[in-house]
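1. the amino acid sequence is not available; the structure is as follows:
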Ligand SMILES: Nc1ncnc2c1ncn2[C@@H]1O[C@H](COP(=O)(O)OP(=O)(O)OP(=O)(O)O)[C@@H](O)[C@H]1O
Ligand SMILES: [Mg+2]
């Protein structure tokens, strides 16, 4: 049995630091919280090389006295609580007294600080947890913490860092959370010398807060926001108007007493409020601030203080759900929609009210298309149909369309389903959109697989997409590869992306292109760590999902072509897994009508 021994202090500090400091964004989060706790009115953030080289946070807060500066680096040293009971009335972000200690243990850190009116200002340097040097500093009120060479002495941790773009987007998220949590503080973020945002301080409850929300959520998501609040002490929130939900789930920010938290409970309450108003693949953007009594929740669960436990979970759940739900219900009345000008179909389209199966439908908007088959060999929508699919289909349809090989086209129902009577098989119902998606998907995948760049539809007027800086950074990471897949993008900086070209196989309008980029930003990982197959499949699936449905009515010729093509497709589900067709056998039909045997 090996003998038991006390671990050396430097090993202890590295192990402890591992819990608090996981990546550059954890450093930034801790420094920002300290700056906010110091009563600062301005915070300036500088990042270099995705935080690996430098993370610097300067504030104009209360500062640390020269004699306390070294103590600030010690473990469990804090000015924010003095007893465990203080947690019940906590009003600061920090309380554990281990952030600076942990950062110092795994980096080269310099802190300079000055308390207004003090005789001297001091600066300390710490390297891998050891105090390296101490000197005088310029008497500028406030504190500047500079963290360089993160994980220089923990190579195993450095190895697990993701690409610069991924780390950068986490860093941006930490800065965004700080900006939303502290509207009264001016926040400036610079990355590799370029300004990412500079937000003036705003009064809470003013229009200024909305402009901050817009910067963080991106102009597109922010265009369609609802606002609701509950009780003076309780909750206030901005969240997406139904019918305008972004494709990304990254635009959700929850704060409890200003502290950014990740909470399944809060997220579920939000989704429950949207219930029937949320389409698959769409996620509400939100900034939700809860204000609770400190004794009503616990953040002392994990050293990173991101998790939160509520004393009364159902009360919090109901508060969030009901507040959001009532605002949505009020916004969805016809009068409110007309006033907001949202009755025109938007990106995701207004959510249609569910209609019972026996409710009477209104009169059809157009007379149903006659079943006569056109002689015109080029279908009227040929120009809209992706060329390759059309050519392929044309070669297949030499016989009389509408009927062949014991198969008869019966017509289109509900603008979506194509009905066929097929000898021996029975009644076949084809989901037109799912089938078209399958064919576009297979075609696109084939083009990517064969190596050449798929044909690109150049846009005369580029689509303008504005994303939060963190998402734009992720798209930028993939730009080269997306170009080879037919998406011609230009990064205009500050989250603005111009789309100059899209794969011509798909039909993208501006909203669907934007929604595709949003979803890609949330699913794409590190390009270097993902196989070519995964890249292709991800992109093809998402492109297919986001492509707008070009048309609703199909002529019998087109319907038959689609049916024949889809029978040749190797997979009989759409790219997101929905079935393409359903078959009702003669036996099943007989059973439905209580007949003893099939007709
Ligand atoms: N920017 C700052 N301005 C003023 N004082 C600061 C600043 N940063 C740190 N301090 C002081 O240094 C102490 C230690 O900071 P540290 O972040 O390690 O612990 P904490 O904030 O008290 O708790 P936690 O570990 O939960 O963050 C703080 O309690 C505070 O007194
Ligand atoms: Mg702290």
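-> Cool, the structure landed. Predicted model only: the values in this text are computed from it and were never measured. Ligands and ions are numbered 1, 2, ... in the order given.

2. what about stretch 415-433, start to end distance?
-> 10 Å (Cα to Cα, to the nearest Å).

3. actually, stretch 83-92.
-> Stretch 83-92 has its terminal residues 14 Å apart, counting by Cα to Cα.

4. what's the local residue count around whatever residue of the stretch 101-250 of the chain ends up closest to ligand 1?
-> Of all residues in the stretch 101-250 of the chain, the one sitting closest to ligand 1 is residue 143 (3.7 Å; Cβ to the nearest ligand atom). To be clear about C-beta, it is placed using only N, CA and C from the backbone, and glycine gets the same treatment. Residue crowding around residue 143 was assessed by other Cβ atoms under 10 Å; the count is 25.

5. tally of neighbours for residue 141?
-> Residue 141: 17 surrounding residues under other Cβ under 10 Å.

6. which residues touch it?
-> Residue 141 makes contact with 60, 63, 114, 115, 116, according to Cβ atoms under 8 Å, 6 or more residues apart in numbering.

7. grab the nearest non-local neighbour of it.
-> What sits nearest to residue 141 in space, not counting adjacent residues and going by Cβ to Cβ, 6 or more residues apart in numbering, is residue 116, at 4.4 Å.

8. before we move on, what SS does that neighbour have?
-> Under DSSP: H, G, I helix; E, B strand; the rest coil, the three-state class of residue 116 is coil.

9. make sure it is actually in contact with residue 65.
-> No. Taking contacts as Cβ atoms under 8 Å, residue 116 lies outside contact range of residue 65: 11.1 Å.

10. more crowded one of these two?
-> Of the pair residue 116 and residue 65, residue 65 is the one with more neighbours under other Cβ under 10 Å, namely 16 against 11.

11. re the thing from before, neighbouring strands for the host helix or strand of the residue of the stretch 101-250 of the chain closest to ligand 1, and are they parallel or not?
-> Assigned by DSSP states H and E, residue 143 belongs to strand 142-148. Sheet pairing for strand 142-148, assigned by DSSP bridges, gives strand 54-59 (antiparallel), strand 108-114 (antiparallel).

12. how about these in JSON lines, adding mean neighbour count and mean pLDDT?
-> Below are those laid out as JSON lines (neighbours: other Cβ atoms under 10 Å; pLDDT from 0 to 100):
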{"stretch": "strand 54-59", "mean neighbour count": "22", "mean pLDDT": "98"}
{"stretch": "strand 108-114", "mean neighbour count": "23", "mean pLDDT": "96"}
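
13. for residue 471, find the nearest of the ones you listed.
-> Checking the strands paired with strand 142-148 against residue 471 by Cβ to Cβ gives strand 54-59 as the closest, at 20.9 Å.

14. possible to save the strands paired with strand 142-148 as JSON lines with distance to ligand 1?
-> Formatted as JSON lines, the strands paired with strand 142-148 follow (distance: least, Cβ to the nearest ligand atom, whole Å):
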{"stretch": "strand 54-59", "distance to ligand 1": "5"}
{"stretch": "strand 108-114", "distance to ligand 1": "7"}
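
15. would you format those as JSON lines with distance to residue 165 included?
-> Shown next, in JSON lines, are the strands paired with strand 142-148 (distance: least, Cβ to Cβ, whole Å):
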{"stretch": "strand 54-59", "distance to residue 165": "16"}
{"stretch": "strand 108-114", "distance to residue 165": "24"}
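
16. which SS state does residue 75 fall under?
-> Classified using three-state DSSP, residue 75 is coil.

17. nearest spatial neighbour of it, skipping sequence neighbours?
-> Nearest to residue 75 is residue 101, by Cβ to Cβ, 6+ apart, at 4.5 Å.

18. run a quick neighbour tally on that neighbour.
-> Residue 101 is flanked by 21 other residues according to other Cβ under 10 Å.

19. and it, what does it touch?
-> Residues near residue 101 by Cβ under 8 Å, 6+ apart: 13, 16, 17, 73, 74, 75, 76, 77, 129.

20. ok, now how distant is the residue of the stretch 351-500 of the chain found nearest ligand 2 from ligand 1?
-> Of all residues in the stretch 351-500 of the chain, residue 470 sits closest to ligand 2, at 23.1 Å by Cβ to the ion. According to Cβ to the nearest ligand atom, to the nearest Å, residue 470 stands 23 Å off from ligand 1.

21. and the pLDDT for that residue?
-> For residue 470, the pLDDT comes out at 81.

22. which strand or helix spans the residue in the stretch 51-200 of the chain that ligand 1 sits nearest to?
-> Residue of the stretch 51-200 of the chain nearest ligand 1, by Cβ to the nearest ligand atom: residue 94 (2.3 Å). Assigned by DSSP H and E, residue 94 falls within no helix or strand.

23. pretty sure it sits against residue 34.
-> Yes. Counting by Cβ under 8 Å, residue 94 does reach residue 34; the two are 6.1 Å apart.

24. more neighbours: which of the two?
-> With neighbours defined as other Cβ under 10 Å, residue 94 and residue 34 compare such that residue 34 has more, 24 against 19.

25. secondary structure element for the more buried one?
-> Taking DSSP H and E as the criterion, residue 34 maps to helix 24-37.

26. what's that helix in contact with?
-> Outside helix 24-37, the residues within contact range by Cβ under 8 Å, 6+ apart are 20-21, 43, 45, 47, 50-52, 55, 57-59, 61, 80, 92-94, 99-100, 102-103, 107, 143, 145, 147, 150, 161, 167, 170-171, 173-175, 177-178, 181-182, 185, 258, 304.

27. thought residue 586 was touching residue 426?
-> Yes. Counting by Cβ under 8 Å, residue 426 is a contact partner of residue 586 at 4.9 Å.

28. residue ranges with poor pLDDT in the stretch 1-150 of the chain?
-> Applying pLDDT under 70 to the stretch 1-150 of the chain flags residues 1.

29. which residue does it have closest to ligand 2?
-> Relative to ligand 2, the nearest point of the stretch 1-150 of the chain is residue 94 (3.0 Å; Cβ to the ion).

30. please apply the same query to the stretch 301-450 of the chain.
-> Closest approach of the stretch 301-450 of the chain to ligand 2 (Cβ to the ion) occurs at residue 305, with a separation of 9.4 Å.

31. my reading is that that residue lies in a strand. Confirm?
-> No. With three-state DSSP as the criterion, residue 305 is located in coil rather than a strand.

32. in this structure it contacts residue 260, no?
-> No. Using Cβ under 8 Å, residue 305 makes no contact with residue 260, being 9.2 Å away.

33. about what we covered before: is it true that the residue of the stretch 101-250 of the chain closest to ligand 1 touches residue 56?
-> No. Using Cβ under 8 Å, residue 143 is not in contact with residue 56, being 11.1 Å away.

34. what about residue 282, neighbour count?
-> Residue 282: 22 neighbours (other Cβ under 10 Å).

35. same question, residue 255
-> Residues within reach of residue 255, counting by other Cβ under 10 Å, total 20.

36. tell me the domain ranges of this protein?
-> Domains of the chain are assigned by automatic domain parsing as 9-199, 207-335, 387-437+552-592, 452-546.

37. quick one: the helices in the stretch 451-599 of the chain, in order.
-> For the stretch 451-599 of the chain, the helices defined by DSSP state H, counting those that start in this stretch cover 469-477, 479-484, 510-523, 532-546, 556-568, 586-592.

38. what mean pLDDT does the second one get?
-> Read that as helix 479-484. Averaging pLDDT along helix 479-484 gives 88.

39. now it: buried residues?
-> By 16 or more other Cβ atoms under 10 Å, the buried positions in helix 479-484 come out as 481, 482.

40. residues in contact with stretch 263-274?
-> Taking contacts as Cβ under 8 Å, 6+ apart, the residues outside stretch 263-274 that touch it are 239, 242, 245, 252, 254, 256, 278, 284, 286, 288, 290, 307-308, 310, 313, 316-325, 328.
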